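**Q** with the input below, show me the fold.
(one chain, ligands or ions: 1)
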Amino acid sequence: MAQQPANQHKETLLQTLLPFDQAVRARHSVRHFLAKPLAQETLISIANDAQLAPSNCNTQPWNVHIVSGAKREVLSQRLLQADAQGLHSPDFSFDMQAFGGAYGERRKQQGKIYYQSIGIARDDLEARKAVVKNNLNFYGAPHAAFLFMPSFGDNVRTAGDIGMYGQTFLLSLAARGLAGIPQTILGFYADTIREFLSISPEYKLLFGISFGYEDRNAPANQFKMGRAPLNQSVTFHD
Ligand SMILES: Cc1cc2nc3c(=O)[nH]c(=O)nc-3n(C[C@H](O)[C@H](O)[C@H](O)COP(=O)(O)O)c2cc1C
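**A** Numbering: from 1, shown residues only. Purely as a prediction, here's the structure:
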């Protein structure tokens, strides 16, 4: 087989899956993708992996819509229009100011590291608007998955199941040498997305995942978020 240049090789779908310890460490939130789409069979393989996620009483409450190609282009335009018109329609609240203590500090740290990586001052409001637009352009990814769910009670258990699905989806991408990013912000335009994809209002949008090949040269992808020491999160009892 002819040898590929190093950077071209990096963009090639892995033929064998990464072992778990490598996949879970390779996964990170990517904010700049190559335009190159994935083959339909790869999309199906990823969806098959995610389908194995656990759920309360095996209810499997995920209802997932994967958008690619021309539809992806038009949907991004609709989202940008909705944003310009201030048409926000989140199904679930999102109050970041409510995150206090260590959680609030981690949130601030994440924003600082990200904005530094792309060379934006935190008080540069125009540049921050561009960041929102990037989100609504799926960070250039050729595919976006929208994770809808039925609404039951306070929705907490169902949302937990959707989280299980989302991480299984993301690890499947990572194991294949691909990348993705979960995006709560996409859920702020739930009505726009439901209308465009003809989805019944009984399904609520928790978040989306933009995905594809990582642009490994992009400044936005050059950092990896750290994690708190284990003793801040886990207590062992015996
Ligand atoms: C449910 C969920 C929603 C998120 N929403 C967004 C989003 O709207 N936009 C964004 O740029 N990042 C979003 N993120 C990415 C987080 O900022 C990222 O996971 C966190 O900083 C840890 O970095 P890592 O994923 O690279 O390990 C989201 C992550 C999760 C789990």
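**Q** tell me the residues of this structure that contact the ligand?
**A** By the rule C-beta under 6 Å from any ligand atom, the part of the chain lying against the ligand is 28-29, 31, 110, 135, 181-185, 207, 225. For glycine as for every other residue, the C-beta is placed from the backbone atoms N, C-alpha and C.
**Q** got CSV for these, with neighbour count too?
**A** Shown next, in CSV, are the residues of the chain next to the ligand (neighbours: other C-beta atoms under 10 Å):
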residue, neighbour count
His28, 16
Ser29, 18
Arg31, 25
Gln110, 13
Asn135, 20
Ile181, 23
Pro182, 20
Gln183, 21
Thr184, 15
Ile185, 18
Phe207, 22
Met225, 11
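**Q** which residues touch the longest helix anywhere in the chain?
**A** Secondary structure assigned by DSSP state H gives helix 156-175 as the longest helix of the chain. Contact partners of helix 156-175, identified using C-beta atoms under 8 Å, 6 or more residues apart in numbering, comprise 14, 17-18, 20, 23-24, 26-27, 45-47, 49-50, 52-56, 59-62, 64, 92, 145, 147, 149-152, 179-180, 182, 206-207, 209, 211.
**Q** where does this protein have low pLDDT?
**A** 1-11 (pLDDT under 70).
**Q** quick check, central residue of it?
**A** Pro182 (1.7 Å; C-alpha atoms, centre = their mean).
**Q** what pairs with that residue across the strands?
**A** As for beta bridges, Pro182 partners with Ile209 under DSSP bridges.
**Q** from what I can see it touches Ser29, true?
**A** Yes. Using C-beta atoms under 8 Å, Pro182 is in contact with Ser29, at 7.2 Å.
**Q** could you look up the SS state of Leu87?
**A** Assigned by DSSP: H, G, I helix; E, B strand; the rest coil, the conformation of Leu87 is coil.
**Q** how many neighbours does the closest residue to it other than its chain neighbours have?
**A** Sequence neighbours aside, Thr192 is the residue nearest to Leu87 in space, at 6.6 Å (criterion: C-beta to C-beta, 6 or more residues apart in numbering). Thr192 has 22 neighbours, counted by other C-beta atoms under 10 Å.
**Q** next one: the one 4 residues further on
**A** Phe196 is flanked by 18 other residues according to other C-beta under 10 Å.
**Q** need the contact partners of the helix or strand hosting it.
**A** Phe196 belongs to helix 190-197 when assigned by DSSP states H and E. Residues from elsewhere that reach helix 190-197 (C-beta under 8 Å, 6+ apart): 65, 67, 74-75, 78-79, 82, 87, 89-91, 146, 186, 199-201, 203-205, 208.
**Q** run the chain-centre distance for it.
**A** In terms of C-alpha atoms, centre = their mean, to the nearest Å, the centre of helix 190-197 is found 18 Å from the chain centre.
**Q** cool, and stretch 44-55?
**A** Distance, centroid of stretch 44-55 to centroid of chain: 16 Å (C-alpha atoms, centre = their mean).
**Q** which residues belonging to the helix or strand where Asn48 lies are considered buried?
**A** Per DSSP H and E, Asn48 falls inside helix 40-50. By 16 or more other C-beta atoms under 10 Å, the buried positions in helix 40-50 come out as 42-43, 45-46, 49-50.
**Q** could the residues you listed be laid out in JSON lines, adding distance to Met96?
**A** Output for the buried residues of helix 40-50, formatted as JSON lines (distance: C-beta to C-beta, whole Å):
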{"residue": "Thr42", "distance to Met96": "34"}
{"residue": "Leu43", "distance to Met96": "32"}
{"residue": "Ser45", "distance to Met96": "35"}
{"residue": "Ile46", "distance to Met96": "29"}
{"residue": "Asp49", "distance to Met96": "31"}
{"residue": "Ala50", "distance to Met96": "27"}
